[in-house]
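A.B. asks: Here is my input; please provide its structure:
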Amino acid sequence: MSNQPATKYRPFPAVDLADRQWPGRTISSAPVWMSTDLRDGNQALFEPMNIERKMRMFSTLCEIGFKEIEVAFPSASQTEFDFVRQLIEGGHIPGDVTIEVLTAAREHLVRRTMESLKGARRAIVHVYNATSKPFRENVFGMSKAEVIDMAVSAVRLVKQLASEQPDTEWVLQYSPETFTATELDFALAVCDAVTAAWGATPRNKVILNLPTTVEIATPNVYADQIEWMHRHLARRDSVIISLHPHNDRGTAVAAAELGLMAGADRVEGCLFGNGERTGNVDLVTLALNMQTQGVASGLDFSDINAIARTTEYCTRLPIHPRHPYVGDLVFTAFSGSHQDAIKKGFAVQQPDALWNVPYLPIDPADVGRSYDSIIRINSQSGKGGVAYLLETGYGIVMPRRLQVEFSGEVQRHADSQGGEMSAADIWQLFSRTYLECDRPVRYVEHHLFEHGAAQGIRLAVEVDGVHQLLTGEGNGPIDAAVHALQGLGIAVQVRSYEERATSPSREAGNAQACALMELAHTGGGRECYGVGIDSNIVTASIKALISGINRLEVARGEAAEVRAA
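C.D. replies: Residues are numbered from 1 along each chain as shown. Coordinates of the predicted model:
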């Protein structure tokens, strides 16, 4: 039992809003989405993204459909400043996308921020200062009047500097940081002073971002605060109310949903909930929650695996296997009763009917996931231990998604053959499935050459028994081989790649290089793994590439036969 006195923590007081309306409302349309992956998400990383990773993340966010993206804190570092300049000067910002940058309400920071945006077509300048009593009294040593003056002075400076760059369309965003811990009447006073200083009108709206900088109360309290502000703001028709929930209590998604019911127009967050401390609101979960209720989000998560892999690459953070909608195991049932219910649900689900399959709140196909991994065996099912047997007996350490894929092959084999499978049986099946998969393309040999800064390859293969010599160039041997194989009309993307040394064992002999590659056809579709083993890692990688291509081609042919039938 804790020795801390019960009075150390006090519940946050309720908002005086007896006639609150939000509990009776539903979300019927999507908000304006704003991604802060490149700012709030980036500053929360062990190792912030470099320019290449930030650019890749920015492109992905644009492809998903975000029209407002907070890209940097330009006054924080030269790297942040340079990224904004590269976006603008390099012409990387689509015509329908607006970039946003953050600055504290301090003159030299505001000036540096406005300098970074020169030449932008349209830009949101996001100004903030903390407003709660602990910050006023303990951090800043300021009165309420001085805090308001800090915000208003910064807004006037932004307005002045914006007038000096008339070719840019300027939008002001103001955040009373620590809004949820600020007295509502004072938060209202600051926000109204800001909109007055900017001269907000229905045609020149100010974004008022009301963040749960730190979650300090239950989501219903946040909804009450948002509804109170929604009712009392001056110039409400000239304001966009934006939410920026953090996840300190683990309720950011709920807070965002209730905040939208309470009158908010916009949501800021990060893909998969990255962000300071426990994270920002998870925009993927929030958007797909709406989709399961029949509300179009306006964001494209139809290839969620590709988005997840890109996010993991850019942030260097793993996505939990039980993460809603996207985790590797969220569409996997190990329980026998779950398997039975899902099978029966699929048997009666009609393509044009409302989704109603037990245990699956969303159709996996809507996020680009296949049904192959839903019904699976595990080590408790009597056929399991596949990954353990391959690793201990043959030195093959499979990534989680390859475990998912191959255990489906094991289950199909076991179901058709009956009885138990030994370690040798599993190894033979693995070898046939991945290492001996040589149709339609069979690897013969390759030779690498340098071509300026590029890597070149001459790749000899047999296609249905006919010898062919292909050439390609890329930023490395794998990329060069991918380009070479395009000469056969085969266009693929490498979704993930790992290389490992197989552990020496009695059965497998000496250690060799093992390459494991996850591929998809360019343009999307299902993923397949390819595996290659060789004493040379480059050769193993090319074998893995061809193995994966052959498996993709076989899967495509099987799908065509099913459609024809």
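A.B. asks: in what helix or strand does Val101 lie?
C.D. replies: strand 98-104 (DSSP states H and E).
A.B. asks: How confident was the prediction at Asp464?
C.D. replies: If you check Asp464, the pLDDT there is 88.
A.B. asks: cool, Ser337 as well?
C.D. replies: pLDDT, Ser337: 76.
A.B. asks: Could you say which helix or strand holds it?
C.D. replies: Residue-wise, Ser337 maps onto helix 336-348 under DSSP H and E.
A.B. asks: buried residues in that helix?
C.D. replies: By neighbour count on 16 or more other Cβ atoms under 10 Å, the buried set for helix 336-348 is 338-339, 341-342. Backbone N, C-alpha and C define where each C-beta goes, glycine included.
A.B. asks: Give me the contact list for the helix or strand just after the strand holding Val101.
C.D. replies: Using DSSP H and E, the next helix or strand after strand 98-104 towards the C-terminus is helix 107-116. With contacts defined as Cβ atoms under 8 Å, 6 or more residues apart in numbering, helix 107-116 is touched by 72, 74-75, 81, 84-85, 101-103, 125, 127, 153-154, 157-158, 161-162, 165.
A.B. asks: what about the longest helix along the chain, average pLDDT?
C.D. replies: In the chain, taking DSSP state H as the definition, the longest helix is helix 537-564. Average pLDDT, helix 537-564: 84.
A.B. asks: and that helix, what other elements does it pack with?
C.D. replies: When contacts are defined as 3 or more Cβ pairs under 8 Å, 6 or more residues apart in numbering; DSSP states H and E, helix 537-564 sits against strand 441-451, helix 477-485, strand 492-501, strand 513-521, strand 527-534.
A.B. asks: rewinding a little: just flag the most distant two among the buried residues of helix 336-348.
C.D. replies: Farthest apart among these by Cβ to Cβ are Gln339 and Ala341. That separation is 7.5 Å.
A.B. asks: any idea where the strands of the stretch 51-200 of the chain begin and end?
C.D. replies: Under the criterion DSSP state E, counting those that start in this stretch, the stretch 51-200 of the chain contains strands at 68-72, 98-104, 122-130, 169-177.
A.B. asks: So which residue is dead centre in this structure?
C.D. replies: Leu271 (3.7 Å; Cα atoms, centre = their mean).
A.B. asks: Return the distance of that residue relative to Ile124.
C.D. replies: 19 Å (Cβ to Cβ, to the nearest Å).
A.B. asks: how many other residues sit next to Pro94?
C.D. replies: 12 (other Cβ atoms under 10 Å).
A.B. asks: ok, for it, nearest residue in space, not its chain neighbours?
C.D. replies: Ranked by Cβ to Cβ, 6 or more residues apart in numbering and with sequence neighbours excluded, the top spatial neighbour of Pro94 is Cys62, at 5.6 Å.
A.B. asks: returning to that earlier point: for the helix holding Ser337, C-alpha coordinates in CSV please.
C.D. replies: Listed next in CSV are the C-alpha coordinates belonging to helix 336-348 (Å, rounded to 0.1, in the frame of the first residue of the first chain):
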residue,chain,number,x,y,z
GLY,A,336,-10.0,-21.6,-30.8
SER,A,337,-13.3,-19.9,-30.0
HIS,A,338,-12.3,-16.7,-31.7
GLN,A,339,-11.1,-18.6,-34.8
ASP,A,340,-14.4,-20.4,-35.0
ALA,A,341,-16.5,-17.2,-34.7
ILE,A,342,-14.4,-15.4,-37.3
LYS,A,343,-14.6,-18.2,-39.7
LYS,A,344,-18.4,-18.4,-39.4
GLY,A,345,-18.6,-14.6,-39.7
PHE,A,346,-16.6,-14.6,-42.9
ALA,A,347,-18.8,-17.4,-44.3
VAL,A,348,-21.9,-15.2,-44.1
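A.B. asks: chain center to that helix: distance?
C.D. replies: 30 Å (Cα atoms, centre = their mean, to the nearest Å).
A.B. asks: For that helix, name the packing helices and strands.
C.D. replies: By 3+ Cβ pairs under 8 Å, 6+ apart, helix 336-348 packs against no helix or strand.
A.B. asks: all helices for the stretch 1-150 of the chain, in order.
C.D. replies: For the stretch 1-150 of the chain, the helices defined by DSSP state H, counting those that start in this stretch occupy 42-43, 51-64, 78-89, 107-116, 133-134, 144-163.
A.B. asks: Out of these, which gets nearest to Ser242?
C.D. replies: If we rank the helices of the stretch 1-150 of the chain by Cβ to Cβ, the stretch that ends up nearest is helix 144-163, at 16.0 Å.
A.B. asks: ok, back up a step: among the strands of the stretch 51-200 of the chain, which is the most enclosed?
C.D. replies: strand 68-72 (a mean of 25; mean count of other Cβ atoms under 10 Å).
A.B. asks: and that strand with strand 98-104, angle?
C.D. replies: Angle of strand 68-72 versus strand 98-104, following axes from the mean of the first three to the mean of the last three Cα atoms, to 10 degrees, is 50 degrees.
A.B. asks: and strand 68-72, average pLDDT?
C.D. replies: Strand 68-72 comes out at a mean pLDDT of 98.
A.B. asks: and what of stretch 137-155?
C.D. replies: 96.
A.B. asks: which regions of this protein lie under the pLDDT threshold?
C.D. replies: Across the chain, the ranges flagged by pLDDT under 70 are 1-6, 334-336, 370-385, 388, 419-420, 503-510, 558-565.
A.B. asks: cutoff 80 now
C.D. replies: 1-7, 332-340, 343, 370-389, 392, 411, 414-423, 503-511, 524-525, 557-565 (pLDDT under 80).
A.B. asks: Count the neighbours of the residue nearest to Pro94 for me.
C.D. replies: 17.
A.B. asks: Would you check that it makes contact with Asp96?
C.D. replies: No - judged on Cβ atoms under 8 Å, Cys62 makes no contact with Asp96 at a distance of 9.1 Å.
A.B. asks: hmm, back to that, and the helices and strands packed on helix 537-564 as a markdown table, adding mean neighbour count?
C.D. replies: Formatted as a markdown table, these follow (neighbours: other Cβ atoms under 10 Å):
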| stretch | mean neighbour count |
| --- | --- |
| strand 441-451 | 14 |
| helix 477-485 | 22 |
| strand 492-501 | 17 |
| strand 513-521 | 23 |
| strand 527-534 | 24 |
